[in-house]
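**Student:** just coords:
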């Protein structure tokens, strides 16, 4: 009998096609118009901080962390977080996020941003960004702009303008 336990492993370039198919099923083609996608466009994820979830050999979830800047301060953008619809509500998404946050903390990162729903991400330590505190490229619903400090005071030390790094 094959082992069907959940395994979280670092994401790598070889996972890109499977993750793209998973994102397509979960979010559809409209995902490319979202501001968070535009911020990461053309950038590789930080593979040391991005993870995939597998049940056996089946990829059932993925979480990406991308290096960005808030003013001149380095930060991370979390997402997309994607879980195969057949495996939702099993804690896979939360496990992926917590794994990425742990790796980011251990790697010396101070601040993580995301665009998402507070009721879901709040239990992982995220809070709503104060109104007007961060300026994202493109439109972002201010109620969905969330942050998590991995180092106390990281948001106060960051600049307001959220921007992408240059593609390598």
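**Tutor:** Nice, thanks for sending it over. These numbers come from a predicted model, not from an experiment.
**Student:** And the top helix by length along the chain, what does it pack against?
**Tutor:** Criterion DSSP state H: the longest helix present in the chain is helix 92-106. Applying 3 or more Cβ pairs under 8 Å, 6 or more residues apart in numbering; DSSP states H and E, we find helix 92-106 packed against strand 6-10, strand 51-55, strand 58-70, strand 73-83. Where you see a C-beta, it was placed from the backbone N, CA and C, and this is true even at glycine.
**Student:** right, and those strands - which one's nearest residue 124?
**Tutor:** strand 73-83 (9.5 Å; Cβ to Cβ).
**Student:** Name every sheet partner of that closest one and say whether each one runs parallel or antiparallel.
**Tutor:** Looking at strand 73-83 with DSSP bridges, its partner strands are strand 58-70 (antiparallel), strand 111-115 (parallel).
**Student:** For the next helix or strand after the last one, give the mean pLDDT please.
**Tutor:** Counting by DSSP states H and E, the next helix or strand C-terminal to strand 111-115 is helix 118-121. What helix 118-121 shows for mean pLDDT is 96.
**Student:** Can you list the buried residues in helix 118-121?
**Tutor:** Within helix 118-121, the residues that count as buried by 16 or more other Cβ atoms under 10 Å are residue 121.
**Student:** what's in contact with stretch 7-18?
**Tutor:** 19, 44-45, 47-48, 50-55, 59, 62-64, 95-96, 99 (Cβ atoms under 8 Å, 6 or more residues apart in numbering).
**Student:** same deal with stretch 68-78?
**Tutor:** Contacting residues not belonging to stretch 68-78 are listed as 36, 39-40, 46, 49, 63-67, 97, 100, 104, 109-114, 134, 154, 157-165 [Cβ under 8 Å, 6+ apart].
**Student:** make it 7 Å
**Tutor:** For stretch 68-78, the surrounding residues in contact (Cβ atoms under 7 Å, 6 or more residues apart in numbering) are 36, 39-40, 49, 65-67, 97, 100, 104, 109, 111-114, 134, 157-165.
**Student:** which of the residues you listed count as buried?
**Tutor:** Buried, going by 16+ other Cβ under 10 Å: 36, 39-40, 49, 65-67, 97, 100, 104, 109, 111-114, 134, 158, 162-164, out of those.
**Student:** related to what we said a few turns ago, include distance to residue 138 and mean pLDDT when you put the strands paired with strand 73-83 into JSON lines, please.
**Tutor:** Formatted as JSON lines, these follow (distance: least, Cβ to Cβ, whole Å; pLDDT from 0 to 100):
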{"stretch": "strand 58-70", "distance to residue 138": "14", "mean pLDDT": "94"}
{"stretch": "strand 111-115", "distance to residue 138": "10", "mean pLDDT": "95"}
